[in-house]
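Participant: With the sequence up front, the predicted model follows.
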Amino acid sequence: MAGRSGGGGGKGAAGKMVSLQEFVSSMGPLIDLEKAAEISAESETSAKSLERRGCIIANLKCTDAQTGLMGKTLLEFQPNKGDVLPSHKFGTHDVVSLKPNKADAGSASLGQGVVYRLKDSSITVAFDDIPEDGLNSPLRLEKLANEVTYRRMKDALIQLSKAVQTGPCANLVPVLFGERAPMRSKDAMKFSPFNKNLDDSQKDAISKALGSRDVFLLHGPPGTGKTTTIIEIILQEVKRGSKILACAASNIAVDNIVERLARYRTKLVRLGHPARLLPQVLDSALDAQVLRADNSSLAGDIRKEMKVLNSKLLKAKDRNTKRDIRKELKTLAKEERKRQQLAVTDVLKNADVVLTTLTGASSKKLDGITFDLVVIDEAAQALEVACWIALLKGPRCILAGDHLQLPPTIQSVEAEKKGMGKTLFERLTEAYGEEITSMLTVQYRMHEHIMNWSSKELYNNKIKAHSSVAGHMVYDLEDVTRSSSTEPTIILIDTTGCDMEEVKDEEESTMNEGEAAVSIAHAKLLVESGVHASDIGIITPYSAQVTYLKMMRNKDAKLKDLEISTVDGFQGREKEAIIISMVRSNSKKEVGFLSDHRRMNVAVTRARRQCCLVCDVETVSNDKFLKRLVEYFEENGEYLSASEYQSS
Ligand SMILES: Nc1ncnc2c1ncn2[C@@H]1O[C@H](COP(=O)(O)OP(=O)(O)OP(=O)(O)O)[C@@H](O)[C@H]1O
């Protein structure tokens, strides 16, 4: 029989851990700071300075209008000049305001909407109503502070301080704030896997997760099948009869789980606005399921009845008749609302797994519904306060993530300094470590030479490459020929002494034209050897370099599908070949935020079969961590001088 055992490190860690009171009292003001940082961007008087900061995309034209889901209008905007959007800070699901291009910063908007789709050359926004005028003139989009998110985080803090003793999370709070040690089953939990391909580290993690009584951390380094493991944990928990709330910070990560769980015919429901969901998960959406529910068809019958009564009311002349009809309409309206609510509650109560974003977990529709387990994917990229919105709903939690990749972005420098960016995942890793954590150790993405650097630098040499990828080469891809550009797995292209100094663009972001040319030249060589441009990615830490690279790419039709993005924008993704343009090249040997281990870890580990580093070795070697990186590339790969690309 499974017994209980307290963790050894819990007590020691408890002293170091932030207390609930400290957390609640410090986080409230930090949320305000962060909100103010976003709003100050809005209240700046000069639209130009907002544009420089990427909070405005100016000089756009409306190129398409379509009716989207739930009657939303989807407007597509493209730049008036050139065919690439300037560098910006917009992301899907951001709330934006549409204005005439020349309007003052504080002027009225033509409409407010939500970013629906983002491409290099266009941005599509979902509006509730189509703006009546002004769409034929030059336009601009302004990013707005997401008030709702901040309010929900603050509400979660208030609830957290109240719910400690009695709420569904009463069992969890003392552990997450170091007042009680975590508990787990003494014996390994046996299970018969739904997925027959799981590796030993995944099985071990699942067994430990099933045995945890309060908190468990699934540490998933790049490409190790974190989501695959989460899916199995959810399936096993459902089999045990648990009701699960599964969340992630982003809609796309939630949809990824929905899609993969749906294959197992799990009783699941995706909570969230249909306009924000991937088309392939719409069938799982709450709205779609509510429409199919019995109470919903009753509500529909009531609406039909109301329609008949409404037309009777229009024709009625006699006051008493009118009064009677109105009274009846009122009763029916009440009944219709009740039926609708019942339909929603029925669907949510019947589901084994409810999936939503962290902020979506505060939906009123979930009021009164408690869960046996809360699962949070991408937990190392979510603010701790955001995690609490979901954690309030249950007594146990499983957090999956990798704190050695990039954390959530914090706008306010002060809030960041005061600890807002520290994630719950990281905090618990520091406090309880292996006692509550399992790290996945087999990776299914990278050639082992690409992986080894990351494994040694960040994961204590614990990661192994699965045999299916350990030796895979670019030239193993279909239709790709062996050539000097497709043979190496890792390449270092050194720009030292090649006159490729960094410069600042008008917006003070750093860029390096020489490096951009070399990166594009290498991508072209790969394409000439038969690699699909869509299998190649260029990653760079600087947004000005992204914009410049995109301009260069657009001059060559063969490179149309080559993806170019910042490191942050590439997290969670992969490409067969990755080219990293590090940009920094200066006589002072300053490397700026390149030295963040997590950023380089993400950049390098996006590559499956080839990773090519373009940099000024002399400049970047000034930083010890980066020095080891270039040395690794030099020793284990091909070293080239950028001059070899200049002449090509
Ligand atoms: N046990 C396994 N056997 C074979 N392939 C696997 C196994 N586990 C995961 N994979 C494959 O590895 C890839 C990554 O898996 P998954 O999407 O679950 O990883 P992830 O950890 O969520 O990704 P990321 O590293 O980007 O966070 C997928 O193609 C998946 O099919």
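Facilitator: Received the coordinates, thanks. Bear in mind the structure is a predicted one, so any value in this text is a computation, not a measurement. Residues are numbered from 1 along each chain as shown.
Participant: ok, D287 to the ligand distance?
Facilitator: Note on D287: its distance to the ligand, by C-beta to the nearest ligand atom, to the nearest Å, is 27 Å. C-beta here means a position set from N, CA and C on the backbone, and glycine is covered the same way.
Participant: and the longest strand for this structure?
Facilitator: Secondary structure of the chain per DSSP state E: the longest strand is strand 56-67.
Participant: Listing partners with orientation, what would you give for that strand?
Facilitator: Applying DSSP bridges, strand 56-67 is found paired with strand 73-79 (antiparallel), strand 139-143 (antiparallel).
Participant: How many residues are close by D318?
Facilitator: 8 (other C-beta atoms under 10 Å).
Participant: Revised request: answer the last question for V474.
Facilitator: 26.
Participant: Can you verify my assumption that it contacts G530?
Facilitator: No - when contacts are counted by C-beta atoms under 8 Å, V474 is not listed as touching G530 (9.3 Å).
Participant: hey, what's in contact with both of these two?
Facilitator: 480, 486 (C-beta atoms under 8 Å, 6 or more residues apart in numbering).
Participant: circling back to that earlier point, could you dump the strands paired with strand 56-67 to TSV with distance to the ligand?
Facilitator: Output for those, formatted as TSV (distance: least, C-beta to the nearest ligand atom, whole Å):
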stretch	distance to the ligand
strand 73-79	29
strand 139-143	27
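Participant: Out of those, which one sits most buried?
Facilitator: Stretch with highest mean neighbour count among the strands paired with strand 56-67: strand 139-143 (a mean of 23; mean count of other C-beta atoms under 10 Å).
Participant: quick one on the thing from earlier: now the longest strand of the chain: buried residues?
Facilitator: 56-62 (16 or more other C-beta atoms under 10 Å).
Participant: same thing with stretch 454-468?
Facilitator: For stretch 454-468, by 16+ other C-beta under 10 Å, it's 454-455, 457-459, 463-466.
Participant: same thing with stretch 213-229?
Facilitator: So, applying 16+ other C-beta under 10 Å, buried residues of stretch 213-229: 213-229.
Participant: Dump it to PDB, restricted to CA.
Facilitator: Output in PDB follows, covering the C-alpha atoms of stretch 213-229 (Å, rounded to 0.1, in the frame of the first residue of the first chain):
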ATOM      1  CA  ARG A 213       0.300  14.400  -2.800                       C
ATOM      2  CA  ASP A 214       0.700  18.100  -3.200                       C
ATOM      3  CA  VAL A 215       3.300  19.400  -5.700                       C
ATOM      4  CA  PHE A 216       5.400  17.900  -8.400                       C
ATOM      5  CA  LEU A 217       7.800  19.500 -10.900                       C
ATOM      6  CA  LEU A 218       8.400  18.000 -14.300                       C
ATOM      7  CA  HIS A 219      11.600  19.500 -15.600                       C
ATOM      8  CA  GLY A 220      11.700  19.200 -19.300                       C
ATOM      9  CA  PRO A 221      14.900  20.300 -21.000                       C
ATOM     10  CA  PRO A 222      14.600  21.200 -24.800                       C
ATOM     11  CA  GLY A 223      13.100  18.400 -26.900                       C
ATOM     12  CA  THR A 224      12.700  15.900 -24.100                       C
ATOM     13  CA  GLY A 225       8.900  15.300 -24.600                       C
ATOM     14  CA  LYS A 226       7.600  17.400 -21.800                       C
ATOM     15  CA  THR A 227       4.200  17.700 -23.400                       C
ATOM     16  CA  THR A 228       4.100  13.900 -24.200                       C
ATOM     17  CA  THR A 229       4.700  13.200 -20.500                       C
END
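Participant: what separates it from the chain centre, distance-wise?
Facilitator: 16 Å (C-alpha atoms, centre = their mean, to the nearest Å).
Participant: Check which helices and strands the host helix or strand of A516 is in contact with.
Facilitator: Assigned by DSSP states H and E, A516 belongs to helix 513-528. Here helix 513-528 touches strand 490-494, strand 536-540, helix 543-553, strand 575-581, strand 607-615, helix 643-646, going by 3 or more C-beta pairs under 8 Å, 6 or more residues apart in numbering; DSSP states H and E.
Participant: These into CSV, with extra columns for mean neighbour count and distance to the ligand?
Facilitator: As requested, the helices and strands packed on helix 513-528 are exported to CSV (neighbours: other C-beta atoms under 10 Å; distance: least, C-beta to the nearest ligand atom, whole Å):
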stretch, mean neighbour count, distance to the ligand
strand 490-494, 24, 19
strand 536-540, 27, 14
helix 543-553, 23, 21
strand 575-581, 26, 12
strand 607-615, 27, 10
helix 643-646, 16, 30
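Participant: weakest of those in terms of mean pLDDT?
Facilitator: Note on the helices and strands packed on helix 513-528: helix 643-646 shows the lowest mean pLDDT, a mean of 86.
Participant: Among the buried residues of stretch 213-229, which ones are in strands?
Facilitator: 215-219.
Participant: Next, give me the two most distant ones among those residues.
Facilitator: V215 and H219 (13.1 Å; C-beta to C-beta).
Participant: Establish whether stretch 254-263 and the ligand are in contact.
Facilitator: No - Stretch 254-263 stays clear of the ligand (C-beta under 6 Å from any ligand atom), getting no nearer than 7.6 Å.
Participant: mind saving the C-alpha coords of that stretch as PDB?
Facilitator: Taking C-alpha atoms only, stretch 254-263 is exported to PDB below (Å, rounded to 0.1, in the frame of the first residue of the first chain):
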ATOM      1  CA  VAL A 254      -3.200  25.100 -24.200                       C
ATOM      2  CA  ASP A 255      -4.400  24.200 -27.700                       C
ATOM      3  CA  ASN A 256      -1.400  22.000 -28.200                       C
ATOM      4  CA  ILE A 257      -2.500  19.900 -25.100                       C
ATOM      5  CA  VAL A 258      -6.100  19.900 -26.200                       C
ATOM      6  CA  GLU A 259      -5.200  18.600 -29.700                       C
ATOM      7  CA  ARG A 260      -3.000  15.800 -28.300                       C
ATOM      8  CA  LEU A 261      -5.500  14.800 -25.500                       C
ATOM      9  CA  ALA A 262      -8.400  14.800 -27.900                       C
ATOM     10  CA  ARG A 263      -6.800  11.800 -29.800                       C
END
